[in-house]
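**Student:** My questions concern the predicted model and sequence given below.
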Amino acid sequence: AITASALRGRAHINVEPADFGYAAQNSVPLVKGAGAETYKSYFSLSGTPEGEAWSLVPNSADNALVLKKADAIIKEGNGAWARLKQAVTAAEDGAVIFIEGVIRADASSPDNYGEIVISKKLTIQAIHQKSVHALDANKAALGSSAHRIFTVKTGAALTLNGVALKNGKAAGSGAAGQGGAAYIEKNARFTQNGGLAQDCEAADSGGAFFAHGGSLILNSMAVKGNKAGRDGGAVFADADGAVKARIKIEGGAVVGGDAAADANFAQANGGAVALIGEGNTLSLDGAALSGNKAGRDGGAVFASGGTVTVTRGLLSKNSAQANGGAVALSGEGSALSLDSVTLTENKAESGGALFASGKAAVTVRSGSLNKNEAAASGGAAAFSGAGGSLTLDGVSLTGNKAGNGGAVFSGSAKVKIRGGSLSENEAKASGGAISAASASGDAVSFEITGGAVFASNRAKTGGALSVSGSILFSMTGGRIEKNSAESGSALRISGA
């Protein structure tokens, strides 16, 4: 057996067992190591016998990948959706079902449409990667009978490998209108490796996925063209009582895209993802979120009370009609951490890339915020209200534009800038790079250290910085150069 340790990045290992004989190999561990579900995508099988379907699946303890022969193979054609539903019902816990071609729901018989209910641990896998293998819920043809694709019940687990989910629709009210592709109940887990989730919709929230106290893992796949009537154009997550939702999007996943048809859209908040409630978490690692749109806040991501962690990756060309072209946070308990992330060409009314209100906390390390735009305030980032905090550590902010605060606008938030650079940002009114104000009456600290550079920024007043109200402003080291304004080419301070 292979031991899975110290796997990094995009490692990929082909495994060819010496013997595919059922009695000798079925359920034999071939790869050992805790967290098998998370490293499964690093491994694939080769040399499988013609006419047979085998796969590597996590064992019940999630500490090994075992060799498993398919319990069923469902091929496209008349009645395929009904056959898949029957196979799922008949399958034992831990079973593997392979699909071949496009399994499409239709009204040819009463059994050939309707959501697929998962009440056990199950894997559904594409038989090979040489063509498209999909579950198509066929919402347009089914009309008023349109339905979501999966419901994953409490305690169950579904893993999809190389399978596309298309045209699911959650059309009812309440839970019936949530999760066009899948609704994930508390303590349930849904994992999709490869494939895509496309053109699904929800009347309420979670155009593709709704995790209600469940866990969702999207790995090395595309999520595009989904829409929600309220929040979370592609994904919505909240708690079920004390059970929190956990969302991971990783492995080079692409959410949205540059083409108009690829955009995920929410009528309200979170064009791609909405995370609601304290204690729920969203982790984005190496993902690209591009071109997503929100009717209100958070063109790509909206979080109210949850924790969002973004490592590496790209957020580009997302837009919100109100606040936070890429990400919007609202309220106490909301936290955002960005590490080595690029945010570029996002747009909103306030906070072209990032927006936070109330006691939200934002930390940005390394990475860049470039060419973002806000009509009102904070071309790259805007804070509204007292009690929040913004930390920029070694970040580059270049070419952002806004009415006030070409790069950053802070309304009564605590701000720390350590190193990095703010250059060629522009404000029509005040603060070419930064505009900071405190209307709360309480003194708020604004601290710049670590050799930060402000260069070639421009505004009507305060070419580099504009500070007003009860701001405790300090700057240690660094440079302010080649900035321009009609009043205060470098720094404008007013009020007290």
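**Tutor:** That came in fine, so what should we check first? Numbers count the residues shown, from 1 in each chain.

**Student:** those helices in this structure, which residues are they?
**Tutor:** Under the criterion DSSP state H, helices of the chain are mapped to 22-25, 36-39, 80-90, 139-142.

**Student:** Using a markdown table, lay out the ones you listed together with distance to residue 157 and mean neighbour count.
**Tutor:** Glycine gets a C-beta too; all of them are placed from N, C-alpha and C. Compiled in a markdown table, these are given as follows (distance: least, CB to CB, whole Å; neighbours: other CB atoms under 10 Å):
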| stretch | distance to residue 157 | mean neighbour count |
| --- | --- | --- |
| helix 22-25 | 23 | 11 |
| helix 36-39 | 8 | 19 |
| helix 80-90 | 13 | 19 |
| helix 139-142 | 26 | 16 |
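
**Student:** And the ones you listed: which comes nearest residue 485?
**Tutor:** helix 36-39 (51.3 Å; CB to CB).

**Student:** Mean confidence (pLDDT) on the closest one, please.
**Tutor:** Averaging pLDDT along helix 36-39 gives 70.

**Student:** going forward can the numbers begin at 34, since that is how I track them
**Tutor:** Got it, first residue is 34 now, which makes that one helix 69-72.

**Student:** Low-confidence regions, the stretch 34-183 of the chain specifically.
**Tutor:** Within the stretch 34-183 of the chain, the segments meeting pLDDT under 70 span 34-60, 71, 73-74, 77-88, 93, 101-103, 162-163.

**Student:** gap between the closest residue to residue 278 other than its chain neighbours and residue 339?
**Tutor:** Distances taken as CB to CB, 6 or more residues apart in numbering place residue 270 nearest to residue 278, at 3.7 Å, with adjacent residues excluded. Between residue 270 and residue 339 the computed distance is 8 Å (CB to CB, to the nearest Å).

**Student:** Need the overlap of contacts for these two.
**Tutor:** Listed as contacting both residue 270 and residue 339 by CB atoms under 8 Å, 6 or more residues apart in numbering are 308, 309, 313, 315.

**Student:** Now pLDDT too, for the residues you listed, in a markdown table please.
**Tutor:** Below are the shared contacts of residue 270 and residue 339 laid out as a markdown table (pLDDT from 0 to 100):
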| residue | pLDDT |
| --- | --- |
| 308 | 98 |
| 309 | 97 |
| 313 | 97 |
| 315 | 98 |
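
**Student:** Would you point out the most distant pair within these?
**Tutor:** Spanning the widest gap among the shared contacts of residue 270 and residue 339 are 309 and 315, at 10.8 Å by CB to CB.

**Student:** shared neighbours, those two?
**Tutor:** Joint contacts of residue 309 and residue 315 (CB under 8 Å, 6+ apart) are 270, 336, 339.

**Student:** Residue 133 - how many residues pack around it?
**Tutor:** By other CB atoms under 10 Å, 17 other residues sit near residue 133.

**Student:** just checking, it touches residue 108?
**Tutor:** Yes: Residue 133 is within contact range of residue 108, at 4.6 Å (criterion: CB atoms under 8 Å).

**Student:** just checking, which of the shared contacts of residue 309 and residue 315 belong to strands?
**Tutor:** Using DSSP state E, the members of the shared contacts of residue 309 and residue 315 that fall in strands are 270, 336.

**Student:** Residue 440: which of the shared contacts of residue 309 and residue 315 is nearest?
**Tutor:** Nearest to residue 440, judged by CB to CB, of the shared contacts of residue 309 and residue 315 is residue 336 at 22.1 Å.

**Student:** ok, that closest one - contacts?
**Tutor:** By CB under 8 Å, 6+ apart, the contact set of residue 336 is 307, 308, 309, 315, 360, 361, 362, 363, 367, 369.

**Student:** try residue 459
**Tutor:** Neighbour list for residue 459: 412, 433, 434, 435, 439, 465, 490, 491, 492 [criterion: CB under 8 Å, 6+ apart].

**Student:** quick one: which of those residues sit in strands?
**Tutor:** The members of the contacts of residue 459 that map onto strands under DSSP E are 434, 435, 491, 492.

**Student:** so the last one sits right up against residue 442, yeah?
**Tutor:** Put plainly, it is residue 492. No: using CB under 8 Å, residue 492 is not in contact with residue 442; the gap is 11.8 Å.

**Student:** Bridged to residue 135, which residues?
**Tutor:** Beta bridges link residue 135 to residue 167 when assigned by DSSP bridges.

**Student:** give me the number of residues near residue 519?
**Tutor:** For residue 519, the count of nearby residues is 11 (other CB under 10 Å).

**Student:** so it makes contact with residue 493?
**Tutor:** Yes: with contact defined as CB under 8 Å, residue 519 counts as touching residue 493 (5.3 Å).

**Student:** What confidence value was assigned to residue 443?
**Tutor:** Listed pLDDT for residue 443 reads 92.

**Student:** Next one: it relative to residue 417, how far apart?
**Tutor:** For residue 443, the distance to residue 417 equals 9 Å [CB to CB].

**Student:** What of residue 66?
**Tutor:** Distance, residue 66 to residue 417, by CB to CB: 46 Å.

**Student:** Tell me which of those two has more neighbours.
**Tutor:** It is residue 417, of residue 66 and residue 417, that has more neighbours when counted by other CB under 10 Å, with 21 against 18.

**Student:** Excluding residues flanking it in the chain, which one is nearest the more buried one?
**Tutor:** Closest residue in space to residue 417, ignoring its immediate chain neighbours: residue 390 at 4.5 Å, by CB to CB, 6+ apart.

**Student:** List the residues that contact that neighbour.
**Tutor:** Contacts for residue 390 (CB under 8 Å, 6+ apart) come out as 356, 362, 363, 364, 416, 417, 418, 421.

**Student:** 7 Å - rerun?
**Tutor:** Residue 390 is in contact with 363, 417, 418, counting by CB atoms under 7 Å, 6 or more residues apart in numbering.

**Student:** what do you get for residue 158?
**Tutor:** Residue 158 neighbours (CB under 7 Å, 6+ apart): 88, 129, 131, 194, 195, 196.

**Student:** Most neighbours out of those residues, which is it?
**Tutor:** Highest neighbour count within these: residue 131, with 26 neighbours (other CB under 10 Å).

**Student:** Any idea what that one is bridged to?
**Tutor:** residue 106, residue 158.

**Student:** For it, give its distance to residue 113.
**Tutor:** Using CB to CB, residue 131 is found at 12 Å from residue 113.

**Student:** State the distance from the residue nearest to residue 278 to residue 296.
**Tutor:** 20 Å.

**Student:** beta partners for residue 502?
**Tutor:** Per DSSP bridges, the residues bridged to residue 502 are residue 471.

**Student:** these two touch, right, it and residue 469?
**Tutor:** No: checked against CB atoms under 7 Å, the pair residue 502 and residue 469 is beyond contact range at 8.1 Å.

**Student:** between these two, who's got more neighbours?
**Tutor:** Neighbour tally, residue 502 and residue 469, criterion other CB under 10 Å: the higher count belongs to residue 469, 26 against 18.

**Student:** can you pull the contacts of residue 126?
**Tutor:** Contact analysis of residue 126 by CB under 7 Å, 6+ apart lists 153, 154.

**Student:** neighbouring contacts of stretch 138-157?
**Tutor:** The contact list for stretch 138-157, computed with CB under 7 Å, 6+ apart, reads 88, 90, 111-112, 114-115, 117-118, 121, 124, 126-130, 132, 169-171, 174-175, 178, 180-186, 189-194, 196.
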